[in-house]
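J.: Sharing a model prediction with you, sequence too.
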Amino acid sequence: SKTKQSVFQKLSRAVVGKSKVDDDVLDQLEEVLITSDVGVNTTLKIIERIEKRVSKDKYTSTTELNQILREEITGLLTETEHKDQNTWELPEGKKPYVIMIVGVNGVGKTTTIGKLAHKYKENGKKVIIGAADTFRAAAIDQLEIWSQRVDVPLIKQKMGSDPASVAYDTVASAQKQDTDVVIIDTAGRLHNKVNLMNELSKIKRVMQKVIPDAPHEILLILDGSTGQNAFEQAKQFTKATEITAMAITKLDGTAKGGVVIGVSDQLQVPVKYIGIGEKVEDLQIFNKTEFVDSLFS
Amino acid sequence: MFDNLSERLESSFKLLKGQGRITEVNIAETLKDVRRALLDADVNFKIAKEFTKDVKEKALGANVLNAVKPGQLMVKIVRDELAQLMGGTAEEIDLKRQPAVILMAGLQGSGKTTFSGKLAGFLKNKKSKNPLLVAGDVYRPAAIDQLKVVGEQIGAPVYTEEGNKNPVKIAKAAIKEAKTKGHDVVIVDTAGRLAVDEDMMKEISAIKDAINPHEILFVVDSMTGQDAVNTAKEFNDRLDFNGVILTKLDGDTRGGAALSIRKVVDKPIKFVGTGEKLDALDVFHPDRMADRILGMGDVVSLVERA
Ligand SMILES: Nc1nc2c(ncn2[C@@H]2O[C@H](COP(=O)(O)OP(=O)(O)OP(=O)(O)O)[C@@H](O)[C@H]2O)c(=O)[nH]1
Ligand SMILES: Nc1nc2c(ncn2[C@@H]2O[C@H](COP(=O)(O)OP(=O)(O)OP(=O)(O)O)[C@@H](O)[C@H]2O)c(=O)[nH]1
Ligand SMILES: [Mg+2]
Ligand SMILES: [Mg+2]
């Protein structure tokens, strides 16, 4: 795109043939990164790395600068455990594979569950979902509509019932029915509410009564338009539940979601999925290079 | 290094203290700290830059140069400038007309439906109004059910047309219903939409044109980052909204988006959301927000010590 070129053009004009990054470049780079929500700390870290490399070698072309930037930023993003995610294959010996979805209010948890259930089902897996958000108005109805839309069974209880009990029921029923994947929805909660965070730990413990190593995956959903608060979200949810991966939603908007770079680096948790719309097919496997490119577009 | 700006400023004030006056040189570090705090709080990049420039000019002003305690004055300048930018006094919602029509707008998941319920409850209980809620989100699964539950919880009727996929027509019919049934306030909930979604932005403009609302409220998540300016500007260009609602302030976000939005659209923040329960709303306090953005819970004591 036009803007993409202009950022790189401006950057490269100031670098070509030089062995030191001058203030002009650094200012440009800082602006791109900060306005993508990368945050001051991570931006400084990236700039330091670029400075080091440029003092070693001289750069001659836009392509090279582009390459360096890409390498240094992708280097901060943690590798996912399974390189071969594209296949939607599940790890051996973990059947049913239990996924628990967590995150603050309104980030896209329930929607992501609908999309995930669809992907697994499309790939021949038997899926079941559990409505353990028993708190928010019509949360159960919302998940029920998704379950019908993607045609997978839903385990639910009444609004206001114990979420841990719903999770237990879901896992137990999955085990009986030879299910491949279980996905548990949870109510949105702000990470500074101690009681609600304890409730998550409890949901987790209760599922372990049925399957000792469950949940196998705890997916933290981050809203792509969230700023620096994502750090605290990731820290606190990790403390309460040891999240294993992250998904960034709403990247179909103008927000860049750059905060996940620092979050992934600091907590060593990989980004696994991105949400790019409200429809069932709008979920993609996270691609580092494409993501980093989008920061400059 | 430091958790909040007050600590950072305090350390740079130690340097300032011995010198007795603010100069271009000794203020540089302090300004860097201020800018850094703003960026950490998600204030937009350009706005943070402008802000520090303004603060610098104010600080270098004549009366400040003569100050005995420059540190104290710096805190005051930064804080006053922030509070002033965010608007002096709280602004109320316009309820003069019969019925007063209020339209909600905003991104997905920002808190529109919840706030619609909160506002209906507030107007009912605190202003003795008789509000009608309108389910104008025909897309999100169970959006109508959600508003119905919310309406039930606060005891306000909800206008719905199950199966009708045209929110413009629903909103128009709802106003008519409100008139016949004697409701003095109509609150129209709408679907979340991205500013780049042309069809959806046209739809909300069409709803506006059809019902001529007296208040259009832009509902925004207080955890929003740098994108707040783009989104607020797009929604404002389309809708010329009257006010901003800042939700989820019960979290620990610094909420710099509030400053960015205020600066870029120059519309007042009218209410804040402080919880999931339907009574969790508050009027906006610019001074409290200023302290929050700066991470200065204890500004007063800092000023006294400076
Ligand atoms: N544009 C866009 N919208 C999304 C995406 N993911 C979710 N949404 C929308 O965001 C809003 C909130 O999504 P939900 O799935 O209800 O979020 P949640 O985290 O379950 O919310 P709570 O349960 O209330 O905490 C809905 O309007 C979704 O349609 C996405 O990737 N892109
Ligand atoms: N903690 C907290 N949660 C809130 C607040 N306001 C809304 N929420 C929660 O945020 C989530 C999204 O709120 P909704 O009212 O559904 O948001 P919406 O803008 O109507 O969402 P869409 O219709 O999908 O665009 C829900 O889980 C709400 O309970 C608030 O002030 N504090
Ligand atoms: Mg949900
Ligand atoms: Mg809604």
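T.: Good, I have the coordinates. Predicted, not measured: the structure shown is a model, and the values here were computed from it. Ligands and ions are numbered 1, 2, ... in the order given.

J.: I'd like to know how far A:Glu48 sits from ligand 2.
T.: Plainly put, A:Glu48 is 37 Å away from ligand 2 if you go by Cβ to the nearest ligand atom, to the nearest Å. The way it works is simple: take the backbone N, C-alpha and C, and place the C-beta from them, glycine included.

J.: For that residue, which residues are in contact?
T.: With contact set as Cβ atoms under 8 Å, 6 or more residues apart in numbering or on different chains, A:Glu48 has no partners.

J.: Is it within a helix or a strand, and which one?
T.: helix A:40-56 (DSSP states H and E).

J.: Okay, strands next: where are they in the stretch 51-200 of chain A?
T.: A:97-102, A:127-132, A:154-155, A:181-186 (DSSP state E, counting those that start in this stretch).

J.: Run through who's touching the shortest one.
T.: Yep, that's strand A:154-155 we're talking about. A:128-131, A:143-144, A:147, A:166, A:169-170, A:173.

J.: Give me the buried stretch members for the helix holding A:Glu48, please.
T.: A:40-43, A:45-47, A:49-50, A:54 (16 or more other Cβ atoms under 10 Å in any protein chain shown).

J.: and which of those residues is nearest to chain B?
T.: A:Val40 (5.1 Å; Cβ to the nearest Cβ).

J.: got a list of what the closest one touches?
T.: A:34, B:36, B:39-40.

J.: In helices only, show me these.
T.: Within those, residues falling in helices by DSSP state H are A:34, B:36, B:39-40.

J.: Pull out the buried members of those residues.
T.: Buried among these (16+ other Cβ under 10 Å): A:34, B:36, B:39-40.

J.: okay if I get these as a markdown table plus pLDDT and distance to B:Leu73?
T.: What follows is those, written out as a markdown table (pLDDT from 0 to 100; distance: Cβ to Cβ, whole Å):
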| residue | pLDDT | distance to B:Leu73 |
| --- | --- | --- |
| A:Ile34 | 96 | 28 |
| B:Arg36 | 90 | 20 |
| B:Leu39 | 95 | 23 |
| B:Asp40 | 94 | 23 |
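
J.: Could you show which parts of the stretch 51-200 of chain B are in contact with ligand 1?
T.: B:108-109, B:140, B:192, B:194 (Cβ under 6 Å from any ligand atom).

J.: Looking at these, which are in helices?
T.: Per DSSP H, these never map to helices.

J.: The residues you listed: which two are farthest apart?
T.: B:Arg140 and B:Leu194 (13.5 Å; Cβ to Cβ).

J.: Kindly export stretch B:187-201 (C-alpha atoms) in CSV.
T.: The C-alpha trace of stretch B:187-201 is given here as CSV (Å, rounded to 0.1, in the frame of the first residue of the first chain):
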residue,chain,number,x,y,z
ILE,B,187,-32.6,4.5,24.1
VAL,B,188,-31.6,2.8,20.9
ASP,B,189,-28.9,0.1,21.2
THR,B,190,-27.1,-0.7,18.0
ALA,B,191,-24.7,-3.4,16.7
GLY,B,192,-21.0,-2.9,17.2
ARG,B,193,-19.2,-1.8,14.1
LEU,B,194,-15.8,-1.0,12.8
ALA,B,195,-15.2,2.5,11.4
VAL,B,196,-13.7,0.9,8.3
ASP,B,197,-16.9,-1.1,7.6
GLU,B,198,-18.5,1.1,5.1
ASP,B,199,-21.9,-0.7,5.0
MET,B,200,-22.2,-0.6,8.7
MET,B,201,-21.2,3.0,9.0
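
J.: Looking at the buried residues of helix A:40-56, spot the one nearest A:His118.
T.: The closest of the buried residues of helix A:40-56, once distances to A:His118 are taken by Cβ to Cβ, is A:Thr42, at 33.2 Å.

J.: Okay, A:Gln67 and ligand 2: tell me how far apart.
T.: When A:Gln67 is compared with ligand 2 (using Cβ to the nearest ligand atom), they lie 39 Å apart.

J.: Could you pull up the contacting residues of residue 112?
T.: Since no chain was named, I'll use chain A. A:101, A:219, A:221, A:247, A:249, A:273, A:275, A:283.

J.: To clarify, I was referring to chain B.
T.: B:104-106, B:189-190, B:192, B:219.

J.: Give me the pLDDT for the closest residue to B:Pro286 other than its chain neighbours.
T.: Distance criterion Cβ to Cβ, 6 or more residues apart in numbering or on different chains; nearest residue to B:Pro286, sequence neighbours excluded, is B:Met86 at 4.0 Å. B:Met86 carries a pLDDT score of 86 in this model.

J.: show me the residues around B:Met86 that make contact.
T.: B:Met86 touches B:258-259, B:262, B:269, B:284, B:286, B:289-290, counting by Cβ under 8 Å, 6+ apart.

J.: quick check, nearest of the ones in helices among the contacts of A:Val40 to B:Glu50?
T.: Out of these, the member with the shortest distance to B:Glu50 (by Cβ to Cβ) is B:Leu39, at 12.8 Å.

J.: Quick check: phi and psi on B:Lys277?
T.: phi -70, psi 160 (degrees, to the nearest 10).

J.: tally of neighbours for it?
T.: Look at B:Lys277: counted by other Cβ atoms under 10 Å in any protein chain shown, it has 13 neighbours.

J.: Repeat that for the one 10 residues further on.
T.: Residues within reach of B:Asp287, counting by other Cβ under 10 Å, total 15.

J.: what's the answer for A:Glu31, then?
T.: A:Glu31: 16 neighbours (other Cβ under 10 Å).

J.: can you check B:Pro286 too?
T.: Neighbours of B:Pro286 (other Cβ under 10 Å): 21.

J.: Repeat that for A:Glu79.
T.: 10.

J.: I figured it hits A:Lys272, correct?
T.: No. Contact between A:Glu79 and A:Lys272 fails when scored by Cβ atoms under 8 Å: they sit 11.0 Å apart.

J.: Tell me if I'm right that A:Gly262 and A:Val38 touch.
T.: Yes. Counting by Cβ under 8 Å, A:Gly262 does reach A:Val38; the two are 6.6 Å apart.

J.: who's more crowded, those two?
T.: Using other Cβ under 10 Å as the criterion, A:Gly262 and A:Val38 rank with A:Val38 on top: 28 against 24.

J.: Excluding chain neighbours, what is closest to the more buried one?
T.: A:Gly258 (3.9 Å).

J.: Before I go, just wanted to say thanks for your time.
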